[in-house]
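J.: kindly return the folded structure for what I paste below:
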Amino acid sequence: MLAPSKNYEDLCGRFSWRVPEFYNIGVDVCDRHADGSGRLALISLDEAHRCQRYTFDDIRRLSNQFANVLVAHGLGRGDRLGVLLPQVPETAIAHVAAFKAGLISIPLFTLFGEQALEFRLADSAARAVITDAAGLAKLTSIAERLPALERIYLAGGDADSGGLGIRVAKFETEVERAAGTFAPVMTSANDPALIIYTSGTTGNPKGALHAHRVLLGHLPGIELSHDFFPQPGDLLWTPADWAWIGGLLDVLMPAWHHGVPVLAHRARKFDPEFAMWLMAEHGVRNTFLPPTALKLIREAKARNPGVRLRTVASGGESLGEELLDWGQETFGLTINEFYGQTECNMIVSNDARLFPVRPGSMGRAVPGHDLRIVNESGEALPGGEVGFVGVRRPDPVMFLGYWQNPAATAGKFAGDWLITGDLSRQDPEGYFTFVGRSDDLITSAGYRIGPSEIENCLIRHPAVSMAAVVGVPDPLRTEAVKAWLVLKPGYTPSEELVREIQDFVRTHLAAHEYPRHVAFIDALPMTTTGKIMRRALRERG
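T.: Down below sits the predicted model:
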């Protein structure tokens, strides 16, 4: 935990990592706070705005019960459990139970289509999934292509296998039958805990495998971006789904590490007025709001006099001076921007009370992380030069590697430096300014989107012969997905075909990945080795 300080240099100088040899996220975020005092852990709001409260004692009992269920059904250390649920109590319970049982949890976005789910579950060889009725409907159509999947736990609704050949068990029934005590598996800090899939620009999505220590590695960045979090009365909420690292490891787990309650609610569509009401109604003091959410609140001119935030953190895209000024006017505070990526998160941050926030800057290195601007060989560049953000290993927040992909893991490093792939420059005072991406990753509404998965989906459409996906400037989302398509003979470009193709991607992948812009082209620009020249397409607009 960061010691309060008025001086950034002093804070960095006094910081040291305290990572024990044996450490388990599930025990850390739950059991040590479950002391019978009824300490509040979770406020859960459903779609009808009904509110349910859970104490840490409740979470310990429920996670112990589900851990017993998992073990009784033959799941053991290192087995993978998919968690295909929205921001609901069962999501948190499932992750905590998996950690306690020594399993590896896999957060899965509920808006993923069948193709996206199939790849992740097949690649990870997940043996079980916990989901709801909507998720079960998707799993039903792909189950026969998932040979490792043995069991589905259904949260809510009736458990009916429907001839799947996979056992479907009702989560509530199984948990109710199980004992409320459980002896957690003794995991080392370096034992694997979860796989978070991240889209790349070539090939399929890659699974970033993280150890239990990843939570400890997140804490300094969380504490800095939320101004020496926690403080008395803190309560955290984010509209970011818990299937993403920003929701799970930037909000839920760090808050519970500190014994701070979390508000759980994610609307199907972000509503600025409702978000402001929600924060006012439930006394939210700290929030992670992605830049797109901030822009939507600003555009809607949403206000609520009951909002009394202590901190607002944001990340995923650079915040400009206008948005920072609006945040100061609306919330009476400076929004603290931070930076990181799924493989190595929360490594740069701002704290307006500790040092001035400079518009356009991502902030300064979070204490404990050794960062440099380096070239592709890992050699440090002179101050002010543009290069890659490099992170020296070992580092507690750094991933163990890509799941079953040693070649991609090796390619992420140059010597002792993890190369983020993001171009930046650092000024003499240590501020990092984002310049751009060295690859073709698309940043849209806070999501980092790789084009390959979308292109693979597009060419499955009967009208599409070839496809290339790029990011184009978007005033609200930073970038929007644009698809350049070569049609098969017999198909003619039309607005109707555009809508059909967009719906095809939205259905098979996810809503945030569908191309908002579609252009038809006779032939894609290619290099002599057959690679798509996406830069040429971006230059065409």
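
J.: what's the residue lying closest to residue 16 once chain neighbours are set aside in contact with, if anything?
T.: Beyond its immediate neighbours in the sequence, the residue positioned closest to residue 16 (C-beta to C-beta, 6 or more residues apart in numbering) is residue 368, lying 7.8 Å away. The way it works is simple: take the backbone N, C-alpha and C, and place the C-beta from them, glycine included. Applying C-beta atoms under 8 Å, 6 or more residues apart in numbering, one finds that residue 368 lies in contact with 15-17, 217, 220, 395-396.

J.: how about 6 Å then?
T.: Taking C-beta atoms under 6 Å, 6 or more residues apart in numbering as the definition of contact, the neighbours of residue 368 are 15, 17, 220.

J.: which SSE is the second one in?
T.: What it means is residue 17. Using DSSP states H and E, no element contains residue 17; it sits outside every helix and strand.

J.: next one: the last one
T.: In the assignment (DSSP H and E), residue 220 maps to helix 214-225.

J.: what does that helix rub up against?
T.: Residues lying outside helix 214-225 but in contact with it, judged by C-beta under 6 Å, 6+ apart, are 2, 19, 25, 229, 249, 253-254, 313, 336, 338, 346, 349, 351, 366-368, 396-397.

J.: my guess is residue 286 contacts residue 237. True?
T.: No: counting by C-beta atoms under 6 Å, residue 237 is not a contact partner of residue 286; they are 7.7 Å apart.

J.: can you measure across stretch 352-366, start residue to end residue?
T.: End-to-end distance of stretch 352-366: 14 Å, with C-alpha to C-alpha, to the nearest Å as the criterion.

J.: any idea which element residue 502 lies in?
T.: Here residue 502, judged by DSSP H and E, is contained in helix 495-508.

J.: counting contacts, what elements does the helix or strand that that helix is followed by pack onto?
T.: The C-terminal neighbour of helix 495-508 among helices and strands, as given by DSSP H and E, is strand 517-520. Helices and strands in packing contact with strand 517-520 are listed as strand 478-487; criterion 3 or more C-beta pairs under 6 Å, 6 or more residues apart in numbering; DSSP states H and E.

J.: what comes up buried for the strand it packs on?
T.: By neighbour count, and taking 16 or more other C-beta atoms under 10 Å as the criterion, the buried residues in strand 478-487 are 478-485, 487.

J.: now do stretch 175-194
T.: In stretch 175-194, counting by 16+ other C-beta under 10 Å, buried: 175, 178, 182, 184-185, 187, 189, 191-194.

J.: ok, stretch 244-260 next?
T.: By neighbour count, with 16+ other C-beta under 10 Å as the criterion, the buried positions of stretch 244-260 are 244-260.

J.: one more: stretch 136-148?
T.: Neighbour-count burial for stretch 136-148 flags 136, 138-140, 142-143, 146 (criterion: 16+ other C-beta under 10 Å).

J.: secondary structure class for the closest residue to residue 117 other than its chain neighbours?
T.: In this structure, residue 117 finds its nearest non-sequential neighbour in residue 138, 5.9 Å apart by C-beta to C-beta, 6+ apart. On the three-state scheme (DSSP: H, G, I helix; E, B strand; the rest coil), residue 138 is labelled helix.

J.: so residue 138 versus residue 83, what's the distance?
T.: 14 Å (C-beta to C-beta, to the nearest Å).

J.: and for residue 323?
T.: With the distance defined as C-beta to C-beta, residue 323 ends up 33 Å from residue 83.

J.: for residue 406, same thing?
T.: For residue 406, the distance to residue 83 equals 26 Å [C-beta to C-beta].

J.: so which of the two has more stuff around it?
T.: Set side by side, residue 406 and residue 83 show unequal neighbour counts under other C-beta atoms under 10 Å, the larger going to residue 83 at 26 against 9.

J.: show me what the more buried one is bridged to.
T.: Beta-bridge pairing of residue 83, defined through DSSP bridges, involves residue 107, residue 130.

J.: wait, it touches residue 96, no?
T.: No: applying C-beta under 6 Å, one finds residue 83 not in contact with residue 96, separated by 10.7 Å.

J.: quick one: what helix or strand has residue 313 in it?
T.: Secondary-structure assignment from DSSP H and E places residue 313 in strand 311-315.

J.: dump the C-alpha coordinates for whichever helix or strand comes after that strand into CSV.
T.: From strand 311-315 onward toward the C-terminus, using DSSP H and E, the following helix or strand is helix 321-331. Taking C-alpha atoms only, helix 321-331 is exported to CSV below (Å, rounded to 0.1, in the frame of the first residue of the first chain):
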residue,chain,number,x,y,z
GLU,A,321,-7.6,19.4,-22.2
GLU,A,322,-11.3,20.0,-23.0
LEU,A,323,-12.4,16.8,-21.3
LEU,A,324,-10.2,17.4,-18.3
ASP,A,325,-11.7,20.9,-17.9
TRP,A,326,-15.2,19.5,-18.2
GLY,A,327,-14.4,16.9,-15.5
GLN,A,328,-13.2,19.7,-13.2
GLU,A,329,-16.4,21.7,-13.8
THR,A,330,-18.8,18.7,-13.5
PHE,A,331,-17.3,16.7,-10.7
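
J.: what sits up against helix 321-331?
T.: Under the criterion C-beta under 6 Å, 6+ apart, external residues in contact with helix 321-331 comprise 298, 309, 312, 334-335, 359.

J.: the contacts of residue 368 into CSV, with extra columns for neighbour count and distance to residue 465?
T.: As requested, these are exported to CSV (neighbours: other C-beta atoms under 10 Å; distance: C-beta to C-beta, whole Å):
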residue, neighbour count, distance to residue 465
15, 16, 55
17, 15, 53
220, 24, 50
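
J.: pull the longest helix from the chain.
T.: When the chain is parsed with DSSP state H, its longest helix is helix 56-72.

J.: for it, packing partners?
T.: Identification of packing neighbours for helix 56-72 by 3+ C-beta pairs under 6 Å, 6+ apart yields helix 89-100, helix 171-177.

J.: how far out from the middle of the chain is the host helix or strand of residue 210?
T.: Element membership for residue 210, per DSSP H and E: strand 206-211. The chain centroid and the centroid of strand 206-211 are separated by 12 Å, computed with C-alpha atoms, centre = their mean, to the nearest Å.

J.: elements contacting that strand?
T.: Counting contacts by 3+ C-beta pairs under 6 Å, 6+ apart, the secondary-structure elements packed against strand 206-211 are strand 192-198.

J.: who's in contact with the strand it packs on?
T.: Contact partners of strand 192-198, identified using C-beta under 6 Å, 6+ apart, comprise 25, 99, 104-106, 120, 124, 205-212, 245, 342, 403.

J.: any chance you could map the helices in the stretch 251-400 of the chain?
T.: In the stretch 251-400 of the chain, helices defined by DSSP state H, counting those that start in this stretch lie at 253-257, 272-281, 291-300, 321-331, listed in chain order.

J.: quick one: list the elements packing against the helix or strand containing residue 535.
T.: For residue 535, the host element (DSSP H and E) is helix 534-540. On a contact count with 3+ C-beta pairs under 6 Å, 6+ apart, helix 534-540 meets strand 464-474.

J.: per-residue confidence averaged over the strand it packs on?
T.: Here strand 464-474 scores 90 as its mean pLDDT.

J.: for stretch 25-32, same thing?
T.: Average pLDDT, stretch 25-32: 97.

J.: identify whichever of the helices and strands packed on helix 56-72 lies nearest to residue 491.
T.: Of all the helices and strands packed on helix 56-72, helix 89-100 sits nearest to residue 491, with 41.8 Å by C-beta to C-beta.

J.: taking helix 56-72 as reference, get the angle to the closest one.
T.: Angle of helix 89-100 versus helix 56-72, following axes from the mean of the first three to the mean of the last three C-alpha atoms, to 10 degrees, is 60 degrees.

J.: give me the contact list for helix 89-100.
T.: Helix 89-100 is contacted by residues 24-26, 30, 44, 62-63, 66-67, 81, 83, 85, 105, 130, 155, 184, 193, 242 when judged by C-beta under 6 Å, 6+ apart.
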